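Asker: The amino acid sequence is not available; the structure is as follows:
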């Protein structure tokens, strides 16, 4: 079984992954109207103790790095906010749930729009079905932008085994790297970002919040 592993952001280069973290490919399943419903695993990559993943978006061997960043002039300067998630998050109170929302972490997965949207569901969370759906929508949010909490202040996080997923949306658009299960992400200067259950890392090279994804891939 893989250990918790680590992701190291290299200066102007790739993500160096260590600790035998499993690598998979996940796609968003949607309904006939294009509304995101669930994640589906479609591929499992060969197990490796250590590997490097593309960060510049130019590799011809994606998701792995092939050194293209050295020829493309990729800089990848890390500009992500290093403050804790809860700082700057907006709070939405409901009768059974409290939702925190940090909009700048949005990667456009769209799970929050189902069944009237997560904000309305939270407001009406005394309805058991609405409460269940709101928790599921927050759990499917890959970046952890959205977190549901019970009234005692406990985060209602999904149980996720440490790993990394290469993501793709319902339209076939390549999305971020989804880092799950509380994996350490180390900046190029040695700083370790806040450990979270769900984090999304840019792999198109266009994010203005490197190394985090800011949804820039959606404009390609």
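Answerer: Looks like it came in fine. This is a predicted model, so every value here is computed, not measured.

Asker: buried sites along the longest helix seen in the chain?
Answerer: If you go by DSSP state H, the chain has its longest helix at helix 128-140. Buried positions in helix 128-140, judged by neighbour count with 16 or more other C-beta atoms under 10 Å: 130, 131, 133, 134, 135, 136, 137, 138, 139, 140. C-beta here means a position set from N, CA and C on the backbone, and glycine is covered the same way.

Asker: do the same with stretch 49-67
Answerer: Across stretch 49-67, burial judged by 16+ other C-beta under 10 Å covers 51-59, 63-65, 67.

Asker: So what's the residue count around residue 210?
Answerer: 21 (other C-beta atoms under 10 Å).

Asker: Let me know the secondary structure of it.
Answerer: What DSSP: H, G, I helix; E, B strand; the rest coil gives for residue 210 is coil.

Asker: what residues does the next helix or strand after the longest helix of the chain touch?
Answerer: Once helix 128-140 ends, the next helix or strand along the chain (criterion: DSSP states H and E) is strand 146-150. Strand 146-150 is contacted from outside by 85, 96-101, 112, 118, 122, 134-135, 137-139, 155-157, using C-beta atoms under 8 Å, 6 or more residues apart in numbering.

Asker: roughly how far out does the longest helix of the chain sit from the chain middle?
Answerer: 18 Å (C-alpha atoms, centre = their mean, to the nearest Å).

Asker: what angle sits between that helix and strand 146-150?
Answerer: Helix 128-140 and strand 146-150 are oriented at 130 degrees to each other (axes from the mean of the first three to the mean of the last three C-alpha atoms, to 10 degrees).

Asker: Contacts for helix 128-140, please.
Answerer: By C-beta under 8 Å, 6+ apart, the list of residues contacting helix 128-140 from outside reads 36, 38-39, 94, 96-97, 99, 109, 111-112, 114-115, 118, 121-122, 124-125, 146-148, 156-158.

Asker: change it to 7 Å
Answerer: 38-39, 96-97, 111-112, 114-115, 118, 121-122, 124-125, 146-148, 156, 158 (C-beta atoms under 7 Å, 6 or more residues apart in numbering).

Asker: Go through those residues and flag which are in helices.
Answerer: Filtering these for helices - DSSP H - leaves 118, 121, 122.
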